[in-house]
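[1] Sequence first, then the predicted structure, then my questions.
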Amino acid sequence: MNAATGRAVGGPGGRASGKDEFPHLFSPITIGQVRVPNRFVVPALTTNFAEHDGAVGDRLLEYLRQRFEGGFGLVITENIGVHPSGRVMPRMVMAHEDRFVDGLRRLAQEVRGSGGVLFGQLSHAGRQTRSTITGQSLVAASAIPCPLNREMPRALETEEIGGMEQAFVQAARRLAEAGFDGVEIHAAHGYLVGGFLSRYSNIRTDEYGGSLENRMRFLLNIVAGIKQAAGSGFPVSVRISAREFVDQGLDLPEARDIAKALAAAGVNALSVSVGVYESFNRLSMITGEQEGRWLELAGDLRREAAPMPVIGVGRIKRPEVAEAALAEGLIDLAAFGRASIADPGLPLKVRQGRSDDIDWCLGCNICLGRSSRPESICPVNPAVGRERDFQVQPSAHPTRINIMGSSFSALTAAWIAARRGHDVSIDPAGTPLGGMQYWRSRVPGQEEYGEVIVALERRARRAGVRFQSGEVADDAVVWRVRCYQPLNQDLLDAHPDATTVYQVLAALRVPEAGRRVLVHGADLASVEAAILMQSRGCRVRLLVPARDVGLDAHPGYREACRVLLAETGAEVFLESGAEISEQTMRWADALVIGHGSIARYDDQSAWTDFTAPGNGDRCLADAYEPGLMTRGIYAAADMVLEFGNEKSIGTTE
């Protein structure tokens, strides 16, 4: 037993066999008449990798193939449109006409060589889309706009609903003809089918509204139609939200009745999720939030739905979390959603006893935030959706490269460059490994950044990257890290003795415990500097010259920051209450300054050398906020993929 990890030692790489360590995860299961080789699931994840006309193309095919080859037993495609009025993104896979069958057949034939099982998720967005995407008026159970999209839908007429039911049925028939192993009906997250289920979005007075029995009619008619059109042996799964976290929304009592009704209707599997657009942060949890948070809900419905297998979701990234839930009987299969984006080979690595080689999901939600603007991206795995571009192609001009600094962009650039045959070394240049993301790993709730830094370092070392300090060889190309640190320069000029949020986060200049500290700023760096100081014994007042904290960050981070500020006892003043006055300065022992709005990325005054002075041949970008951090990673990846094919000099900012 390893004293540090508490895990058994042995097998390849010093670890026990994955099948021995995780017996439930690697056991087969049957969904209907289809045998799934293990319990690892890729759930439906929006990517926008389809073609503009809705056809399956090479990018989507390669993306899914990687997950099959990585060992996932069940892969469920992203939402496939059953009707043009239900498009939720510009490049959405469609199955509303027979002309799409050939592309779907190609997908089914080419991605299943590993023996995995392929389901297609059938979906209609209902009110949770925009007419600029669908090209026609929105339709829904009732004429109630989505609180986020704020576009009024038209309530489907009673006589229209049968046609929409048939749209789902015929799409399922097409997937069956194409060779898919089964389908999943998307009845969760507030889309059209889920919209019928919930009193939150369904105020109809006909046979499709009112009682739960009536609100389930649309879904149950679709299930019955698919069973008739595709055959009773064709598996049908349904995804529902067990709790919607909105007024009049679905909650456990009604979710239990829905699960019972689906089991009685012959549904073959149930995927238990949560939320709608208005409560999206509950569905799409971020760094630091509990892994497997919704598995207890799945266990509750599993007791009602037995013997129907249940798929559990909720930020599952570690096999230990999934194995425990399987062993406890909470779920039958585990959905590794964003974890499968970060590392498509996760199950295979676990099976081979190589869990230490997993590229861990960060939980930053960059993938979901960009899934329709314009496509999914990932700071840990910039190859997502461009798998062919990242196939190892030796550079035409192998070069000795010395990288000064170890930001995520530097670690990624080094990894790609070494795989392409370059001789690469990283000199952290006296800074902690991970750059500005190391700073984030010190903030309460953001400790996971530390394990991702370790994963990126190991990935680079496996590719042949050396980590060393010292002189640069005369023939080496030098790449240096630059750091994006926007600040309120006017305030700094007015208060020359003030500290910056970056000095606090980097532990270069931190007020002592017990000191009263004013922090001025609206960006994520300002908020997390306030949380860090408050958690370490300072009395913090955060002055936010904006409507909310963390204005530059994903909404999930803003919500998490509000919670942490309240839990730690920091005082927060917004907008007009955020001015620095003589009175506020008399209260404070120290002033810490950040940035008060969303800064311009191209503002050169916001950039500072992260490493020792010097121009270098190229620059790599680091930033604190995850979206801008990812921008730097993608610029670095693109640069390295071209480097060696031409001799131009430039930057990756």
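    That came in fine, so what should we check first?
[2] tell me the contacts of Pro344?
    Gln66, Arg67, Glu69, Gly70, Phe72, Asn381 (C-beta atoms under 8 Å, 6 or more residues apart in numbering). C-beta: built from backbone N, CA, C; applies to glycine.
[3] So which of the residues you listed are in helices?
    Gln66, Arg67, Glu69 (DSSP state H).
[4] picking up where we left off before, turn the contacts of Pro344 into JSON lines, including distance to Gly249.
    Formatted as JSON lines, the contacts of Pro344 follow (distance: C-beta to C-beta, whole Å):
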{"residue": "Gln66", "distance to Gly249": "36"}
{"residue": "Arg67", "distance to Gly249": "32"}
{"residue": "Glu69", "distance to Gly249": "39"}
{"residue": "Gly70", "distance to Gly249": "35"}
{"residue": "Phe72", "distance to Gly249": "31"}
{"residue": "Asn381", "distance to Gly249": "34"}
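[5] any chance of the ones in helices among the contacts of Pro344 in TSV, plus pLDDT, neighbour count and distance to Arg461?
    Shown next, in TSV, are these (pLDDT from 0 to 100; neighbours: other C-beta atoms under 10 Å; distance: C-beta to C-beta, whole Å):
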residue	pLDDT	neighbour count	distance to Arg461
Gln66	95	21	22
Arg67	96	25	25
Glu69	95	15	23
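[6] nearest to Glu78, of these?
    Nearest to Glu78 among the ones in helices among the contacts of Pro344 is Arg67, at 11.6 Å by C-beta to C-beta.
[7] surely the closest one meets Val41?
    No: Arg67 lies out of contact with Val41 (C-beta atoms under 8 Å); the separation is 10.0 Å.
[8] which residues do those two both contact?
    Val75.
[9] For the nearest residue to Thr584 once chain neighbours are set aside, grab the count of nearby residues.
    Nearest non-adjacent residue to Thr584, counting by C-beta to C-beta, 6 or more residues apart in numbering: Leu518, 6.1 Å away. Residues within reach of Leu518, counting by other C-beta atoms under 10 Å, total 23.
[10] Give the partner strands of the host helix or strand of Leu518 in its sheet and their orientations.
    Leu518 is located in strand 516-520, with elements delineated by DSSP states H and E. In the sheet, strand 516-520 lines up against strand 539-544 (parallel), strand 590-593 (parallel) (DSSP bridges).
[11] hang on, Leu262 in a strand?
    No: counting by DSSP: H, G, I helix; E, B strand; the rest coil, Leu262 is not found in a strand; it is helix.
[12] Where do the strands of the stretch 201-350 of the chain begin and end?
    Along the stretch 201-350 of the chain, the segments classed as strands by DSSP state E, counting those that start in this stretch run 236-241, 269-273, 310-312, 333-335.
[13] The longest one - what's its average pLDDT?
    On average, the pLDDT along strand 236-241 is 98.
[14] helices or strands next to it in the packing?
    If contacts are counted by 3 or more C-beta pairs under 8 Å, 6 or more residues apart in numbering; DSSP states H and E, strand 236-241 sits against strand 182-187, helix 192-197, helix 217-230, helix 252-264, strand 269-273.
[15] Equivalent analysis for the last one, please.
    The criterion is 3+ C-beta pairs under 8 Å, 6+ apart, and the helices and strands that strand 333-335 contacts are strand 40-42, strand 310-312, helix 319-328.
[16] now, of the ones you listed, which is deepest in the fold?
    Across the helices and strands packed on strand 333-335, averaging neighbours per residue (mean count of other C-beta atoms under 10 Å) puts strand 40-42 on top, at a mean of 31.
[17] Neighbouring strands of it in the sheet, and parallel or not?
    strand 74-81 (parallel), strand 333-335 (parallel).
[18] Now whichever helix or strand comes after the longest one: buried residues?
    Going back to what we said before, that points to strand 74-81. Using DSSP H and E, the helix or strand that directly follows strand 74-81 along the chain is helix 101-110. Residues Val101, Gly103, Leu104, Arg105, Arg106, Leu107, Ala108 are the ones in helix 101-110 that count as buried (16 or more other C-beta atoms under 10 Å).
[19] Closest one of those to Cys361?
    Ranked by distance to Cys361 (C-beta to C-beta), those are led by Leu107 at 24.7 Å.
[20] Assess the claim that the closest one and Leu61 are in contact.
    Yes: Leu107 is in contact with Leu61 according to C-beta under 8 Å; the separation is 5.7 Å.
[21] what's the offset of stretch 546-555 from the middle of its chain?
    19 Å (C-alpha atoms, centre = their mean, to the nearest Å).
[22] Could you check the pLDDT of the closest residue in space to Gly556 that isn't next to it in sequence?
    Spatial nearest neighbour of Gly556, excluding adjacent residues (C-beta to C-beta, 6+ apart): Ile286 at 3.9 Å. What the model reports for Ile286 is a pLDDT of 91.
[23] what's the angle from the lengthiest helix in the chain to strand 236-241?
    In the chain, ranked by residue count with DSSP H as the criterion, the top helix is helix 158-178. Helix 158-178 and strand 236-241 meet at an angle of 130 degrees, taking axes from the mean of the first three to the mean of the last three C-alpha atoms, to 10 degrees as the criterion.
[24] list the buried ones in helix 158-178?
    In helix 158-178, the ones that count as buried by 16+ other C-beta under 10 Å are 161, 164-176, 178.
[25] Show me what it is packed up against.
    strand 74-81, helix 101-110, strand 117-123, strand 182-187, helix 217-230.
[26] residues in contact with the longest one?
    It stands for helix 217-230. 141, 161-162, 164-166, 168-170, 172-173, 176, 183, 185, 187, 193, 196-197, 207-208, 234, 236, 238, 261-262, 265-267.
[27] Repeat that for the first one.
    Strand 74-81 is contacted from outside by 31, 36, 40-47, 54, 64, 67-68, 87-88, 92-96, 107, 111, 116-124, 171, 175, 184, 186, 191, 237, 333, using C-beta under 8 Å, 6+ apart.
[28] Which helix or strand contains Leu641?
    Per DSSP H and E: Leu641 is located in helix 626-642.
[29] Glu451 too?
    In the assignment (DSSP H and E), Glu451 maps to helix 448-462.
[30] which residues in the stretch 401-550 of the chain form helices?
    408-419, 436-441, 448-462, 489-494, 501-505, 524-535 (DSSP state H, counting those that start in this stretch).
[31] Check which helices and strands the longest one sits against.
    Contacts defined by 3+ C-beta pairs under 8 Å, 6+ apart place helix 448-462 against helix 408-419, helix 436-441.
[32] Can you mark which positions in that helix are buried?
    Within helix 448-462, the residues that qualify as buried are Glu448, Tyr449, Gly450, Val452, Ile453, Ala455, Leu456, Glu457, Arg458, Arg459, Ala460, counting by 16+ other C-beta under 10 Å.
[33] can you redo the strands of the stretch 201-350 of the chain as a markdown table with distance to Asp622?
    Rendered in a markdown table, the data for those read as follows (distance: least, C-beta to C-beta, whole Å):
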| stretch | distance to Asp622 |
| --- | --- |
| strand 236-241 | 38 |
| strand 269-273 | 35 |
| strand 310-312 | 36 |
| strand 333-335 | 32 |
